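[1] Sequence unavailable; structure follows:
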């Protein structure tokens, strides 16, 4: 079993930056691929970024490519999402998730989810 907790959400103006953190605990956390998803009101949960268990491979949604960076520190069992040049359309609840796969892009591939953290970008 793996527990996942997100930190770092908040309110920021358009063009600003935020860094989300995701702390994983439980079974050998560094063996899990990790991902970030987001869900805005009335919309389905969507993929944002993913990182392989080794950290050697990263993947991004087209909407955030070049603005967001996912990284991980396996010594700290923590995954980060650095979000720059934020836009109002980035407003959503952001979820961190862990997958037993080597890398995972689809929500159904993830086994453990955090409770989410709200990110609000004002115009």
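    Happy to help now that I have it. Given the structure is predicted, the values throughout are model-derived calculations rather than measurements.
[2] So the residue lying farthest from the centre of the chain versus residue 117, what's the distance?
    In the chain, residue 123 marks the outermost C-alpha relative to the chain mean, sitting 22.6 Å out by CA atoms, centre = their mean. According to CB to CB, to the nearest Å, residue 123 and residue 117 sit 21 Å apart. C-beta: built from backbone N, CA, C; applies to glycine.
[3] How about residue 42?
    Distance from residue 42 to residue 117, by CB to CB: 19 Å.
[4] More neighbours: these two, which one.
    A count of neighbours by other CB atoms under 10 Å puts residue 117 above the other of residue 42 and residue 117, at 21 against 5.
[5] Quick check: the more buried one touching residue 9?
    Yes - between residue 117 and residue 9 there is a contact under CB atoms under 8 Å: 3.3 Å.
[6] Show the pLDDT at the residue nearest to the spatial centre of the chain.
    Taking CA atoms, centre = their mean as the criterion, residue 36 is the residue nearest the geometric centre of the chain, at 2.4 Å. On pLDDT, residue 36 comes in at 98.
[7] which SS class is it?
    Taken by DSSP: H, G, I helix; E, B strand; the rest coil, the conformation at residue 36 corresponds to strand.
[8] Dig out what it forms beta bridges with.
    residue 49, residue 96 (DSSP bridges).
[9] cool, and residue 24?
    With DSSP bridges as the rule, residue 24 is bridged to residue 4.
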